[in-house]
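>>> Build the 3D model from these lines:
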Amino acid sequence: MIPLLETSDGIRFQIQVVPRSSRQELVGIQGDCLKIKITSPPLEGRANEECIRFLAATLGVKKSQVSIVGGLKSRKKTVAIKGLARKNAEATLISLYDKKPQP
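Residues are numbered from 1 along each chain as shown. Model (predicted):
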(Lines give C-alpha, C1' and ligand atoms only; values in the text may rest on other atoms or scores of the structure.)
Protein backbone atom coordinates (compact mmCIF):
# COMPACT_ATOMS: atom_id res chain seq x y z
CA MET A 1 0.00 0.00 0.00
CA ILE A 2 1.19 3.52 -0.72
CA PRO A 3 1.92 5.85 2.20
CA LEU A 4 -1.17 7.94 2.98
CA LEU A 5 -0.43 10.99 5.10
CA GLU A 6 -3.36 11.98 7.28
CA THR A 7 -3.77 15.76 7.60
CA SER A 8 -6.12 17.90 9.66
CA ASP A 9 -8.63 18.09 6.78
CA GLY A 10 -8.06 14.84 4.86
CA ILE A 11 -5.19 12.88 3.32
CA ARG A 12 -2.21 13.36 1.01
CA PHE A 13 -0.41 10.86 -1.17
CA GLN A 14 1.71 10.69 -4.30
CA ILE A 15 0.69 9.57 -7.76
CA GLN A 16 2.72 8.69 -10.85
CA VAL A 17 0.86 9.78 -14.00
CA VAL A 18 1.17 8.22 -17.45
CA PRO A 19 -0.39 10.75 -19.87
CA ARG A 20 -1.57 10.03 -23.42
CA SER A 21 -2.62 6.48 -22.58
CA SER A 22 -5.25 4.61 -24.53
CA ARG A 23 -7.57 4.57 -21.49
CA GLN A 24 -7.97 5.82 -17.93
CA GLU A 25 -7.07 3.24 -15.34
CA LEU A 26 -5.50 2.52 -12.02
CA VAL A 27 -2.33 0.61 -12.88
CA GLY A 28 -1.09 -0.24 -9.41
CA ILE A 29 1.74 0.84 -7.16
CA GLN A 30 5.14 2.03 -8.30
CA GLY A 31 7.52 2.70 -5.41
CA ASP A 32 5.65 4.97 -3.02
CA CYS A 33 3.19 6.22 -5.67
CA LEU A 34 -0.20 5.18 -6.95
CA LYS A 35 0.30 4.79 -10.70
CA ILE A 36 -2.55 5.88 -12.97
CA LYS A 37 -2.98 6.15 -16.72
CA ILE A 38 -4.94 9.00 -18.26
CA THR A 39 -5.81 9.83 -21.85
CA SER A 40 -5.12 13.59 -21.83
CA PRO A 41 -1.80 15.03 -22.99
CA PRO A 42 0.28 17.03 -20.51
CA LEU A 43 -0.62 20.36 -22.14
CA GLU A 44 -2.22 23.45 -20.61
CA GLY A 45 -3.16 21.59 -17.41
CA ARG A 46 -5.45 19.09 -19.17
CA ALA A 47 -3.68 16.09 -17.66
CA ASN A 48 -3.95 17.60 -14.17
CA GLU A 49 -7.67 18.23 -14.64
CA GLU A 50 -8.19 14.65 -15.80
CA CYS A 51 -6.21 13.34 -12.81
CA ILE A 52 -8.50 15.27 -10.48
CA ARG A 53 -11.66 13.95 -12.20
CA PHE A 54 -10.32 10.38 -12.22
CA LEU A 55 -9.28 10.40 -8.56
CA ALA A 56 -12.57 11.98 -7.46
CA ALA A 57 -14.55 9.30 -9.30
CA THR A 58 -12.27 6.50 -8.08
CA LEU A 59 -12.39 7.55 -4.43
CA GLY A 60 -16.05 8.57 -4.45
CA VAL A 61 -15.55 12.24 -3.57
CA LYS A 62 -16.40 15.55 -5.27
CA LYS A 63 -13.90 17.10 -7.68
CA SER A 64 -13.71 20.14 -5.41
CA GLN A 65 -12.28 17.92 -2.65
CA VAL A 66 -9.31 16.85 -4.80
CA SER A 67 -6.32 19.10 -5.45
CA ILE A 68 -2.80 18.69 -6.74
CA VAL A 69 -0.52 20.32 -4.18
CA GLY A 70 2.85 19.38 -5.64
CA GLY A 71 4.34 18.47 -9.01
CA LEU A 72 1.94 20.36 -11.26
CA LYS A 73 4.38 20.05 -14.18
CA SER A 74 5.77 16.65 -13.27
CA ARG A 75 4.57 13.08 -13.76
CA LYS A 76 5.03 12.51 -10.03
CA LYS A 77 2.44 14.57 -8.15
CA THR A 78 1.30 15.06 -4.57
CA VAL A 79 -2.48 14.96 -4.21
CA ALA A 80 -4.63 16.20 -1.31
CA ILE A 81 -8.13 14.88 -0.72
CA LYS A 82 -10.25 16.92 1.71
CA GLY A 83 -12.82 15.22 3.90
CA LEU A 84 -11.58 11.67 3.30
CA ALA A 85 -10.33 9.55 6.19
CA ARG A 86 -7.21 7.48 5.73
CA LYS A 87 -8.95 4.19 6.56
CA ASN A 88 -11.68 4.86 3.98
CA ALA A 89 -9.13 5.71 1.28
CA GLU A 90 -7.08 2.59 2.09
CA ALA A 91 -10.17 0.37 1.95
CA THR A 92 -11.23 1.83 -1.40
CA LEU A 93 -7.76 1.56 -2.95
CA ILE A 94 -7.26 -1.98 -1.68
CA SER A 95 -10.62 -3.09 -3.06
CA LEU A 96 -9.87 -1.51 -6.45
CA TYR A 97 -6.37 -2.94 -6.60
CA ASP A 98 -7.58 -6.41 -5.61
CA LYS A 99 -10.07 -6.40 -8.50
CA LYS A 100 -7.32 -5.82 -11.08
CA PRO A 101 -5.88 -8.93 -12.68
CA GLN A 102 -2.29 -9.38 -11.57
CA PRO A 103 0.40 -10.07 -14.21
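
>>> Can you show me the strands along this protein?
Secondary structure of the chain by DSSP state E: the strands cover 5-7, 10-18, 25-30, 33-37, 66-70, 76-82.

>>> Listing partners with orientation, what would you give for the second one?
Taking DSSP bridges as the criterion, strand 10-18 forms sheet pairs with strand 5-7 (antiparallel), strand 33-37 (parallel), strand 76-82 (antiparallel).

>>> picking that back up, the strands of the chain: which one's closest to residue 52?
Closest of the strands of the chain to residue 52 is strand 66-70, at 4.7 Å (criterion: C-beta to C-beta). Using the backbone N, CA and C atoms, a C-beta is placed for each residue, glycine as well.

>>> I'd like to know which elements the closest one is packed against.
Other elements packing on strand 66-70 under the criterion 3 or more C-beta pairs under 8 Å, 6 or more residues apart in numbering; DSSP states H and E are helix 46-59, strand 76-82.

>>> Next, format these as JSON lines and append distance to residue 68.
Converted to JSON lines, the helices and strands packed on strand 66-70 look like this (distance: least, C-beta to C-beta, whole Å):
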{"stretch": "helix 46-59", "distance to residue 68": "6"}
{"stretch": "strand 76-82", "distance to residue 68": "5"}
